[in-house]
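A.B. asks: coords below, sequence missing:
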């Protein structure tokens, strides 16, 4: 296993080691001694901090001419909490740039540069407070001050380099040509200049920097009073500076939101500066309580916002823009169409010299194109209810397009050798009627090839699929259209019963309950 894969979990390992040395009973006693009303009040501590952060971000958004409402940017911050929480090193937090692009209609790189600047200012404010704290601790821990000064130097050097168009563009172009950006390369290369659009000047970031510094101080001010619930007695100024140093150390990407690294740092420093004896159990209990308030709860709240944002009752509109984006995204997976096209070929009756094939739900015609390449003598009908999709299908493939639906196919009885449908079942209003209609159109011995989404597929994996789609430039409308299809999807067993109840004999099945999709082939008796 490569070292970079285990780095994000080092802090968690440290935390587990710490827990083995603690008295869990004492930790339980500490939490039980805190009045519930005080604990409840503490959970509201994050609200003024998030509001202050949002004000800071709104200033930067306006400087870069990215227009979103105060309410939306607030939601976007919580979305960042959620994605940061579920990804190693918190890198998923930058996913919110995709949501920002969708809402603001600005370029992706412009939105990304805005969030990078925002996070850099916030981190630099923390480094400044950490440097002051490290100077305060320099007699005890001289290496901490040197380390933070070095980090500040590196951050400043990177800022000066990357935000100077003439020097950094070549490096940036090399970065986006790396393998991980293969599918987005063309889009990023064509819009690389937008990364530098309306970058704020030095004078523009002074107020956001002051607000960010004030936010950190406000947070430590709140934490100081929360620490009193855990009987931690440290002078106010010392507490702020010590916690700033702990947060700087916790920002090293070897943990999940600093778990483990923050606890070991606080144990080391709090014990020396407290006027009374502080147990490890007190420090760890306090630190974990802070983690829940300032990271875990906002992340859960962000998860709820992400869920509702992703599941708004917006019907997919087959506009030219959405249809074109749908086509562009699906063209990135030619191997999926090729595999299904060969399955169609294997199911053509040997006696049929000019097979009749119906692509039910033809979409942009990408499957039909593969079928016509493999079976040049076949007569292909593309059926779809969307005129925009039918126009695209005519451009992409040699076929005859027909406007129709699964339960009303405008073809004669016993006229088709094969009817193939790819991921359309979930959108059929009357699946039983549709299966009967397909049976009517097929010739005796004809095959119905159905590729469908699996209802039993893991919902957490669906989230990862959505992130994957967005990263490949699908856009929210297309990603939502695909993912929402799972809401009305069917299990393999349900579809097998539907095949049998409408007169089909199942001749082939591919996929199981854990797969995201399955294929079933039915033969008309």
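C.D. replies: Yep, that arrived. This is a predicted model, so every value here is computed, not measured. Numbers count the residues shown, from 1 in each chain.
A.B. asks: drop to CA atoms for contacts and neighbour counts, all remaining ones
C.D. replies: OK.
A.B. asks: does the residue at the greatest distance from the centre of the chain sit in a helix or strand, and which one?
C.D. replies: Summary for the chain: using Cα atoms, centre = their mean, the residue whose C-alpha lies farthest from the chain's mean C-alpha position is residue 351, with a distance of 49.8 Å. Following DSSP states H and E, one finds residue 351 outside all helices and strands.
A.B. asks: please report phi then psi for it.
C.D. replies: Recorded main-chain torsions at residue 351 are phi -80, psi -10, according to degrees, to the nearest 10.
A.B. asks: so what pLDDT did it get?
C.D. replies: Per-residue confidence (pLDDT) for residue 351: 78.
A.B. asks: how close does it sit to residue 345?
C.D. replies: Distance from residue 351 to residue 345, counting by Cα to Cα, to the nearest Å: 13 Å.
A.B. asks: point to the helix or strand of this structure where mean pLDDT is at its lowest.
C.D. replies: Confidence across the helices and strands of the chain bottoms out at helix 185-190, with a mean of 48, counting by mean pLDDT, DSSP states H and E.
A.B. asks: nearest residue to residue 81 other than its sequence neighbours?
C.D. replies: If you skip the residues right next to it in sequence, residue 81 has residue 299 as its closest partner in space, 4.8 Å away by Cα to Cα, 6 or more residues apart in numbering.
A.B. asks: and the helices in the stretch 151-300 of the chain?
C.D. replies: Remark: helices of the stretch 151-300 of the chain, listed N- to C-terminal, are 165-176, 185-190, 206-228, 236-250, 261-273, 280-291, 297-310; assignment by DSSP state H, counting those that start in this stretch.
A.B. asks: can you tell which of those helices is closest to residue 146?
C.D. replies: Closest to residue 146 of the helices of the stretch 151-300 of the chain is helix 236-250 (Cα to Cα; 12.3 Å).
A.B. asks: on that earlier part again, quick one: contacts for the residue farthest from the centre of the chain?
C.D. replies: Residue 351 makes contact with no residue, according to Cα atoms under 8 Å, 6 or more residues apart in numbering.
A.B. asks: for it, give its distance to residue 380.
C.D. replies: Distance check for residue 351 against residue 380: by Cα to Cα, it reads 17 Å.
A.B. asks: ditto for residue 132
C.D. replies: Between residue 132 and residue 380 the distance is 73 Å, computed by Cα to Cα.
A.B. asks: mind checking which of those two has more residues around it?
C.D. replies: Neighbours around residue 132 and residue 380, counted as other Cα atoms under 10 Å, are more numerous at residue 380. The numbers are 25 against 18.
A.B. asks: so that one sits in a strand?
C.D. replies: Yes: the secondary structure assignment for residue 380 places it in a strand, going by DSSP: H, G, I helix; E, B strand; the rest coil.
A.B. asks: kindly state the beta-bridge partners for it.
C.D. replies: Residue 380 forms beta bridges with residue 357, as assigned by DSSP bridges.
A.B. asks: what's the closest of the helices of the stretch 151-300 of the chain to residue 359?
C.D. replies: Nearest to residue 359 among the helices of the stretch 151-300 of the chain is helix 297-310 (29.9 Å), distances taken as Cα to Cα.
A.B. asks: any stretches of the stretch 351-500 of the chain with poor pLDDT?
C.D. replies: 459-485 (pLDDT under 70).
A.B. asks: compute the first-to-last residue distance for stretch 342-353.
C.D. replies: End-to-end for stretch 342-353, by Cα to Cα: 17 Å.
A.B. asks: flag every buried residue along that stretch.
C.D. replies: Residues of stretch 342-353 classed as buried by neighbour count (16 or more other Cα atoms under 10 Å): 344, 347, 348.
A.B. asks: and the pLDDT for the second one?
C.D. replies: What the model reports for residue 347 is a pLDDT of 92.
A.B. asks: circling back to that earlier point, turn the helices of the stretch 151-300 of the chain into a markdown table, columns for mean neighbour count and distance to residue 513.
C.D. replies: Conversion of the helices of the stretch 151-300 of the chain to a markdown table gives the following (neighbours: other Cα atoms under 10 Å; distance: least, Cα to Cα, whole Å):
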| stretch | mean neighbour count | distance to residue 513 |
| --- | --- | --- |
| helix 165-176 | 13 | 37 |
| helix 185-190 | 14 | 35 |
| helix 206-228 | 18 | 47 |
| helix 236-250 | 21 | 41 |
| helix 261-273 | 19 | 40 |
| helix 280-291 | 20 | 37 |
| helix 297-310 | 17 | 24 |
